[in-house]
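# just to be clear, the model below is a prediction. Sequence and coordinates:
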Amino acid sequence: MDISAVNSLSYEEFVEIFGNVVEKCPLVAATVWSQRPFSSISDIETAITDFIDGLPNAGKEGILRCHPDLAGWDLQRGMLTPESQAEQSHAGLTQLEPAEAAHISALNTQYKQHFGFPFIICARMNDKPTILLQLHQRLSNKPAHELVRAIQEVKRICHLRLHGLMCHSGPSHL
Ligand SMILES: NC(=O)NC1=NC(=O)NC1=O
């Protein structure tokens with residue numbers, strides 16, 4: 001799908017295609033549609049990251065809370081979005097030993113109780129060992145710093161999802 005095709009999308013089509021580049025936050029795509037025409041995929045990405053950066057901390061925390069846990073409830077019950085399923089599978093989180101699953105679940109719970117949002121990391125840029133190490137290490141971050149850190153990961157996930165959409169043929173109707 002080339003950028004001129006993107007610029008001719010209705011907002012319904014744009015949200016249908018780009019609505020999950022930030023997990024379960026179609027508002028982001030619905031908002032940045034107004035900024036078309038885009039000059040490139042990175043122009044879209046900049047519009048998205050500017051929107052996120054412009055949110056108050058409560059809004060940033062809201063974005064984080066829309067993310068499923070890694071190897072959590074949604075994964076166990078097959079409720080993950082296709083994007084999240086693929087990302088978590090890529091990091092080896094869909095084939096955890098029971099003890100590993102229990103360990104990550106306990107850390108996720110501890111993290112959420114401490115920060116009030118879920119632990120987020122770009123699964124495609126990590127694997128099981130690095131994810132666990134990051135989860136351990138980031139638990140001791142100050143809340144303000146961890147909010148910045150988590151949003152950084154959301155942007156990395158968004159970057160890969162955007163490029164995945166633009167580099168592959170994209171939906172058949174475009
Ligand atoms: N809590 C999370 O980190 N979730 C996720 N990371 C990804 O890369 N995809 C997700 O859904």
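Here it is on my side, so go on.
# which neighbouring elements make contact with the lengthiest helix in the chain?
Ranked by number of residues, the top helix in the chain under DSSP state H is helix 143-167. Under the contact criterion of 3 or more CB pairs under 8 Å, 6 or more residues apart in numbering; DSSP states H and E, helix 143-167 touches helix 11-18, helix 41-54, helix 57-65, helix 98-115. Just so you know, the C-beta spots here come from the backbone N, C-alpha and C atoms, and that holds for glycine as well.
# try 10 Å this time
Helices and strands touching helix 143-167, as assessed by 3 or more CB pairs under 10 Å, 6 or more residues apart in numbering; DSSP states H and E, comprise helix 3-7, helix 11-18, helix 41-54, helix 57-65, helix 82-90, helix 98-115, helix 128-138.
# the last one and the ligand, any residue contact?
Right, helix 128-138. No - using CB under 6 Å from any ligand atom, helix 128-138 stays clear of the ligand, coming no nearer than 8.1 Å.
# between helix 143-167 and that helix, find me the angle.
Going by axes from the mean of the first three to the mean of the last three CA atoms, to 10 degrees, helix 128-138 is angled at 150 degrees with respect to helix 143-167.
# now swap in the fifth one and tell me
With the same axes, to 10 degrees applied, the angle from helix 82-90 to helix 143-167 works out at 100 degrees.
# and the chain, which residues reach the ligand?
Selection of the chain residues close to the ligand by CB under 6 Å from any ligand atom yields 23, 67-70, 84, 87, 118-124, 157.
# if you set the cut-off to 5 Å instead, what comes out?
Proximity of the chain to the ligand, by CB under 5 Å from any ligand atom, involves residues 67, 70, 84, 87, 120, 121, 122, 123, 157.
# relative to residue 167, which of the helices and strands packed on helix 143-167 is closest?
Checking the helices and strands packed on helix 143-167 against residue 167 by CB to CB gives helix 41-54 as the closest, at 8.8 Å.
# so where's the protein shaky on pLDDT?
For the chain, the stretches with pLDDT under 70 are 168-174.
# what residue in it is the furthest from its centre?
Distance to the chain centre peaks in the chain at residue 99, reaching 26.1 Å (criterion: CA atoms, centre = their mean).
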